[in-house]
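Colleague: sequence plus the predicted model coming up.
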2 protein chains.
Amino acid sequence: MGTKDRIASDLERSFAEAGFAEQGVEALRAEADVSLRTLYKHFPSREAMIVGALEHRDATYFRWLEGGPQEGAAHVLHPLVRLGDWLGEVANTGCLFLNAWAQYPDSAAIEAVVKDHKARLAEEFRRRLARVAPGRDTGHLAETLFLLHEGMTQAARLQGREIAYEAAMHAARAALAAAEID
Amino acid sequence: MGTKDRIASDLERSFAEAGFAEQGVEALRAEADVSLRTLYKHFPSREAMIVGALEHRDATYFRWLEGGPQEGAAHVLHPLVRLGDWLGEVANTGCLFLNAWAQYPDSAAIEAVVKDHKARLAEEFRRRLARVAPGRDTGHLAETLFLLHEGMTQAARLQGREIAYEAAMHAARAALAAAEID
DNA sequence: CTTAAGGTAGAGTGATCGCTTTACTTTTCC
DNA sequence: GGAAAAGTAAAGCGATCACTCTACCTTAAG
C-alpha cells in the first residue's frame, strides 16, 4: 500500500527533525497531511508510528549503503564513508534508532526493530570482510568496524562531523592494516 | 549542602535504572524519600532534577577514572579499561547523558551539561596522550580514543559488554601501535 | 518560651495528550 | 449507477502529569 508508506516517510522525517518527545500525534498528523482517523488506521498507536518510521529509516539507510568499491579495504570501509556522507546531509541528532529506544525503554516492539537494524548492520560488515578476506576469521574486525560506525554517529554531534569522520576512518584503517587487509 | 547532594545521588540512580521517560516526578520523590515540597525546593523543575542527576553522574564518573597506570600505552588506555568495568557494574542502558539529551533536545540546560561532560572526557584523553607522548601531535589520536569510548558504550547494549570491550580495545591498540606509542 | 527555618503529607489544579467517535465527503471499481 | 472503501474535519473523553497550595510538625538558636 502506497499511502501507508508515504505516511511512514513523513513520520521518519518528522521524528528525525524534531525528535520523538517534542512531537505530539497532532503534529505528526499535520506533517503527514492526513486526518487523524487515517493516521490511526495505518498506525493504530503512537508507538506503531515510531516503529513505522524506524522501519522506513532502516530501508532508507541500507539503500544508502549500496554500491561503492567491490574489492579491498575500500569495500570494507565503504559503509563508514557513506555514514560520513549521511551525517553531512541530515540534521545531526545522533542515531534515530537509539534515540527511540532511549525514549521507550520498555517497548518490546521498538527494542525489536532497533536490535534488528543494528544486527543487520553488524552483519553487513561481516559480509564485506568475508568477501575481501575469505577463509579468515574476521569476526572481531567486524565488531570493531560496527563499533566505529556507532561511535562516529555519536561523536559527530559532540565533536563535529569532520573530526568524527577522520577519527573513525583513522581507527578503521589502523585495524585493517594490523590485520593486513588492504 | 548535604541534603541536595544526597537527593541528586538518588535521582541519578533512579534515572539510570528506569530511564528518563518512564519516571514521573512522584516516582522520583519516592526514590529520594523526601516530600514533594522539599524536592522542588532543591530542584525547582523536572528539568532541574535531570540536570542535577547528570552533574552528579559527571562527578561520579570522573572519580571512577582516577588512578591506574601512570605511563605508557596503559595510561592512555586506562579510561577505556575503566569503562569496561563500569559497563559490567551498571544496568546496560547506554549513555545517561546522551539518553537525557535525546529526550529533551530543546533544553539548553541539559544540552550544556551533556556537552560539558563529553568535552571534559575528550580532554582527559588529550591530557593522557600529552603525558605519554610529549611534544607530539596526538590530537587526532585523542579524538579516536574518545570515539571508541562512545562506541563502546553504545555497542555494549547492542552486542554485549564483552564483545564491545574487546572491539574497542583492539581498535585502540591498533591506533596506538600505528603511532608507535607503547 | 518563642520564633523561624525547614521538614512532612497529600489534596487540588490546569494543561496536555493519546485516542475515539460522530457526521460527512470523495474515490474506486464492478 | 451504485455500493463499498477510504478519506476529511473536529469535538470530546479519560487519564496523566508537572507543579502548587494548605495545613501541620520538628528542631534548634536566641
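Modeller: Arrived safely, thanks for sending. Residues are numbered from 1 along each chain as shown, chains lettered A, B, ... in the order given.
Colleague: name the residue closest to the centre of chain A, please.
Modeller: residue A:61 (5.8 Å; CA atoms, centre = their mean).
Colleague: quick one: contacts of the biggest helix by length in chain A?
Modeller: When chain A is parsed with DSSP state H, its longest helix is helix A:108-132. By CB atoms under 8 Å, 6 or more residues apart in numbering or on different chains, the surrounding residues in contact with helix A:108-132 are A:47-48, A:50-51, A:54-55, A:58, A:61-62, A:65, A:70-73, A:75-76, A:78-79, A:97-98, A:100-101, A:104-105, A:138-139, A:141-143, A:145-146, A:149, A:181, B:158-159. The C-beta positions use only the backbone N, C-alpha and C, and glycine is treated the same way.
Colleague: three-state assignment of the residue of chain A most remote from its centre?
Modeller: What lies farthest from the middle of chain A is residue A:37; by CA atoms, centre = their mean that is 30.0 Å. Here residue A:37 is helix, with the state taken from DSSP: H, G, I helix; E, B strand; the rest coil.
Colleague: again with residue A:20
Modeller: coil.
Colleague: which ones are touching the nearest residue to residue A:74 once chain neighbours are set aside?
Modeller: In space, and not counting its chain neighbours, residue A:74 is closest to residue A:68: 7.4 Å by CB to CB, 6 or more residues apart in numbering or on different chains. The neighbours of residue A:68, taking CB under 8 Å, 6+ apart as the test, are A:74-75, A:78, A:81-82.
Colleague: over to residue A:171?
Modeller: A:144, A:148, B:144, B:147-148, B:171-172, B:174-175.
Colleague: give me the element it is part of.
Modeller: helix A:161-178 (DSSP states H and E).
Colleague: buried among the contacts of helix A:108-132? Make that a ChimeraX selection.
Modeller: Buried subset of these, written as a ChimeraX selection, criterion 16 or more other CB atoms under 10 Å in any protein chain shown:
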select /A:50,51,54,55,58,61,65,73,75,76,78,79,97,98,100,101,104,105,138,141,142,143,145,146,149,181 /B:158,159
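Colleague: among the contacts of helix A:108-132, which are in reach of DNA strand C?
Modeller: Contacts with DNA strand C within these, counted by CB under 7 Å from any atom of the strand: residue A:47.
Colleague: quick one on the thing from earlier: and of the contacts of residue A:68, the nearest to chain B?
Modeller: residue A:81 (15.6 Å; CB to the nearest CB).
Colleague: alpha carbons only: can I get stretch A:116-129 in CSV?
Modeller: C-alpha atoms of stretch A:116-129 as CSV (Å, rounded to 0.1, in the frame of the first residue of the first chain):
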residue,chain,number,x,y,z
ASP,A,116,17.2,-5.9,14.2
HIS,A,117,18.5,-2.9,12.4
LYS,A,118,21.8,-2.9,14.3
ALA,A,119,22.2,-6.7,13.9
ARG,A,120,21.8,-6.3,10.2
LEU,A,121,24.4,-3.5,10.2
ALA,A,122,26.9,-5.7,12.0
GLU,A,123,26.1,-8.4,9.5
GLU,A,124,26.9,-6.0,6.7
PHE,A,125,30.4,-5.6,8.0
ARG,A,126,30.8,-9.3,8.4
ARG,A,127,29.7,-10.0,4.8
ARG,A,128,32.1,-7.4,3.4
LEU,A,129,35.0,-8.7,5.4
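Colleague: hang on, isn't residue A:76 packed against residue A:145?
Modeller: Yes - checked against CB atoms under 8 Å, the pair residue A:76 and residue A:145 is within contact range at 6.9 Å.
Colleague: now stretch A:35-42: mean pLDDT?
Modeller: Per-region confidence: stretch A:35-42 scores 94 on mean pLDDT.
Colleague: would you mark the buried spots in it?
Modeller: So, applying 16+ other CB under 10 Å, buried residues of stretch A:35-42: A:39-40, A:42.
Colleague: got it, and stretch A:157-170?
Modeller: A:157-159, A:161, A:163-170.
Colleague: I'd like those residues as CSV, with pLDDT appended.
Modeller: Below are the buried residues of stretch A:157-170 laid out as CSV (pLDDT from 0 to 100):
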residue, pLDDT
A:157, 95
A:158, 95
A:159, 95
A:161, 97
A:163, 97
A:164, 97
A:165, 98
A:166, 98
A:167, 98
A:168, 98
A:169, 98
A:170, 97
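Colleague: looking at the residues you listed, spot the one nearest DNA strand D.
Modeller: Distance to DNA strand D across the buried residues of stretch A:157-170 (CB to the nearest atom of the strand) is lowest for residue A:157, with 25.3 Å.
Colleague: quick one: secondary structure of the closest one?
Modeller: Per three-state DSSP, residue A:157 ends up helix.
Colleague: quick one on the thing from earlier: farthest-apart pair in the contacts of residue A:171, please.
Modeller: B:147 and B:174 (13.5 Å; CB to CB).
Colleague: neighbour count for these two, which is higher?
Modeller: The residue with more neighbours, out of residue B:147 and residue B:174, is residue B:147; 34 against 22, by other CB atoms under 10 Å in any protein chain shown.
Colleague: neighbours of residue A:119, how many?
Modeller: With other CB under 10 Å as criterion, residue A:119 counts 13.
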